[in-house]
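Asks: Next one to model:
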Amino acid sequence: MANPTARSRAMNAAARAAAKRTRRVEDPKQPEEPLTGRTLTIDPPAPDGWEDPPEPSPEDLPDEAPARPSRRWLLTAVLGALLVMGLVAVSVLGWRYGQERRAESAREQALTAARKAAPVVLSYDYRHLDRDFTRARDLLTGHFREEYGKTTASVVGPTAKKYHGVVKASVTAASVVSAAPDKVTVLLFVNQVTQSTQVSGSRLDLNRVRMTMSRTPDGWKVIAVDAL
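Replies: Take a look at the predicted model:
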């Protein structure tokens, strides 16, 4: 049988524990009993407060990756490049169209001028050589004008006077070989009738002549004549 004194002590201890729990429930502000174990203490800060950590230097900062251009910037750049290319293409096409129009106009004008110039340049009469050669030189330009003057003065003129030469040229057909706005080459089919003391009657020569025309401030003029 248990000892009455021990039983009484156990009952008293249980009663005291129950009373403590009751008091904590009734008064939650009552501090709990301190926990047993190790206590960590922290020293208070200095009077001037906590020291801030040192600022990192620029050398310590990591290198930032270069910023990528935004899609809007790329789109603007692409559209700008396309616009420039379009303007260049339009300019080139406009220039080519203008050149073609000028070349087409030059073909007609130069062909007409060549058909008129050929009979004058390729004809002469010993009875009025100065007049004929002067009319022909007015239709020439550049180096060919000087060459024509030297040839007629040194060869054609003296021969025509000596043999009473008369040459009459006429154009039977003409076509454009090549054309540029300021230069056109024309192929002429020319009939030349020659009379002189060296020929019995008249002699007919069927010739092909390539005549090059150049645009000048005074109109289209001959810069070269080549017999083919």
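
Asks: In the chain, where is pLDDT below threshold?
Replies: The chain contains residues with pLDDT under 70 at 1-70, 90-99.

Asks: need the longest helix for it.
Replies: helix 71-121 (DSSP state H).

Asks: Which strands or helices does it pack on?
Replies: helix 129-137, strand 166-180, strand 183-195, strand 203-216, strand 219-227 (3 or more Cβ pairs under 8 Å, 6 or more residues apart in numbering; DSSP states H and E). All C-beta spots, glycine's among them, are computed from the backbone N, C-alpha and C.

Asks: most packed of those?
Replies: Greatest average neighbour count among the helices and strands packed on helix 71-121 goes to strand 183-195 (a mean of 18), per mean count of other Cβ atoms under 10 Å.

Asks: What strands flank that strand, and is each parallel or antiparallel?
Replies: strand 166-180 (antiparallel), strand 203-216 (antiparallel) (DSSP bridges).

Asks: hang on, the earlier thing: including distance to Ala81, could the helices and strands packed on helix 71-121 go into CSV?
Replies: Listed next are the helices and strands packed on helix 71-121 as CSV, based on distance: least, Cβ to Cβ, whole Å:
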stretch, distance to Ala81
helix 129-137, 56
strand 166-180, 34
strand 183-195, 38
strand 203-216, 39
strand 219-227, 44
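
Asks: out of these, which comes closest to Pro119?
Replies: Between Pro119 and the helices and strands packed on helix 71-121, the shortest gap by Cβ to Cβ is with strand 166-180, which sits at 4.9 Å.

Asks: Please work out the angle formed by the directions of the closest one and helix 129-137.
Replies: Angle of strand 166-180 versus helix 129-137, following axes from the mean of the first three to the mean of the last three Cα atoms, to 10 degrees, is 10 degrees.

Asks: ok, now how distant is Ala179 from Thr141?
Replies: Using Cβ to Cβ, to the nearest Å, Ala179 is found at 18 Å from Thr141.
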